[in-house]
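>>> No letters, just coordinates:
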C-alpha cells in the first residue's frame, strides 16, 4: 500500500493516536487503512463413503487436489460462501451439516472455515477453477497430492471421526516454526 | 475507494476477466482491490455463576454493555484475538474453553466468533475502550442496555445451555428483513 484509496495522497506507516500497532495512515486526509485477516470458506461434500475432491486449475498449487473452498465475499454468510464455492469449483449442490473445522493461518492472515456437507446428487463436474472433480474413498485420497495442509487436516479429522461415529468441531493453527510450518490443535 | 493504493491512479468499478462480480480495478496498473468480510473475535468470560461485561467508552453504542470483542488483527489467530480483546477492554485474563457462537452479519460484512472462557482471577478493570467492567449474574444482565444483537444472542445461548449442562457450538445470521434485522439460527 503506497497511496490513500480515499484521496490519492501518499501513505505513512505509523501508530495512530490511541492505537498500539502500526497502520497505513494517509499524510493528507488522515484516513486509517486497517487490514484484517480473511475467511476461506469451504465444504467437505460427502456421498455415502466418498468425498468430493477438486483438482486445481489455478495457482497456487495448480494440478493438486483440494476441497471446494475460497475467499468469503462481501454480503454473504460463511455458509453461503461454502455453498457458492462448492457450486463454482465443482458444479455441485450440497446440504450443509454444520461447521466442522476452523484453522487459523496467522502467517498468511487467513482463517479456514470448513463445513461438513452432504452432496445432494451426482450431477457435478469441474468449474473454471478446476481441472477435474472426483469422488474419493478414504483409500483413494491422493494424500501426497493435496494442495493445502488445511485440506489434509480436514480430511484426517473426517476419516477419524467417521470411525468414531461423531463429528465434533475441530480447531487448530498452522504456524511457522523456524523454516517449516506445523499444526497445533486448539480444541 | 477512489484511488489505487498501489499506483495512485483512478479506480473503476468493473467485473474483471474470469470473475463474476464487480471489483475496484485500477485504470492504470490493473490492480484488483478485493474486499472481504472481517472477523470480530471475542470472549464470554465466566466466573462461577457470573459473566464479565464491559460498558463501552467508544462509538458505536457508547455507554451500552458488551462482551469483550473486536476486529481480529493481522498475524494472530482467532483465539489470540479473543484473548487480546479481553485484556484490552477489561484488563482481564482468561482461559479459552472453546469456540461457542458464530454469527454472520452479511449486512455489515462481519463474522462474530465468540469463545467461551474462564476468567482466571478477579484482577480486572476498564481498559481505554471501556467505562466500566462488571461481573453480572443472569438476573442482573442489562438486557435493554446491551450494545449488539450478537451479544444478546451469545448470552441467551449461554444461560440456556448452562441450564442444560452442555455447550454445543451455535451458529446463526443477523439479516435485514425489510426495515428491521432478525436472527436466524443455522445450527
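Arrived safely, thanks for sending. Treat the numbers as computed from the prediction; the structure is a model and nothing was measured.
>>> okay, the angle between the lengthiest strand in chain A and strand B:94-105?
Identified as the longest strand of chain A according to DSSP state E is strand A:94-105. Strand A:94-105 runs at 140 degrees relative to strand B:94-105, counting by axes from the mean of the first three to the mean of the last three C-alpha atoms, to 10 degrees.
>>> Strand A:94-105 and chain B, any residue contact?
Yes - remark: strand A:94-105 sits within contact range of chain B at A:96, A:98-99, A:102, A:104, by C-beta under 8 Å from any C-beta of the partner chain. Using the backbone N, CA and C atoms, a C-beta is placed for each residue, glycine as well.
>>> and which of those residues is nearest to chain B?
residue A:104 (3.7 Å; C-beta to the nearest C-beta).
>>> Now do residue A:46 against residue B:119, distance only.
39 Å (C-beta to C-beta, to the nearest Å).
>>> who has more neighbours, the two?
residue B:119 (22 against 18; other C-beta atoms under 10 Å in any protein chain shown).
>>> quick one: contacts for that one?
Taking C-beta atoms under 8 Å, 6 or more residues apart in numbering or on different chains as the criterion, residue B:119 is in contact with B:45-47, B:52, B:92-94.
>>> Strands along chain A, start to end?
A:11-14, A:23-26, A:32-33, A:38-47, A:50-56, A:65-66, A:69-71, A:94-105, A:110-119, A:130-136, A:170-177, A:180-185.
>>> Put together CSV for the ones you listed, with mean pLDDT on each row.
Below are those laid out as CSV (pLDDT from 0 to 100):
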stretch, mean pLDDT
strand A:11-14, 94
strand A:23-26, 96
strand A:32-33, 96
strand A:38-47, 98
strand A:50-56, 98
strand A:65-66, 98
strand A:69-71, 98
strand A:94-105, 98
strand A:110-119, 98
strand A:130-136, 98
strand A:170-177, 96
strand A:180-185, 95
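>>> For those, could you give me CSV that also reports distance to residue B:14?
Converted to CSV, the strands of chain A look like this (distance: least, C-beta to C-beta, whole Å):
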stretch, distance to residue B:14
strand A:11-14, 24
strand A:23-26, 24
strand A:32-33, 22
strand A:38-47, 22
strand A:50-56, 26
strand A:65-66, 28
strand A:69-71, 19
strand A:94-105, 30
strand A:110-119, 26
strand A:130-136, 25
strand A:170-177, 35
strand A:180-185, 36
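>>> Out of those strands, which is closest to residue B:134?
strand A:170-177 (29.5 Å; C-beta to C-beta).
>>> Which strands border that closest one, and is each parallel or antiparallel?
strand A:94-105 (parallel), strand A:180-185 (antiparallel) (DSSP bridges).
>>> got the buried residues for it?
Under the neighbour-count criterion of 16 or more other C-beta atoms under 10 Å in any protein chain shown, strand A:170-177 has A:170-174 buried.
>>> between that strand and strand B:110-119, how many degrees?
Using the same axes, to 10 degrees: strand A:170-177 against strand B:110-119 is 90 degrees.
>>> Centre of the chain to strand A:170-177, how far?
With C-alpha atoms, centre = their mean, to the nearest Å as the basis, strand A:170-177 stands 13 Å off its chain's centre.
>>> contact partners of that strand?
A:100-107, A:149-150, A:153, A:157, A:181-187, B:77, B:79, B:98-99.
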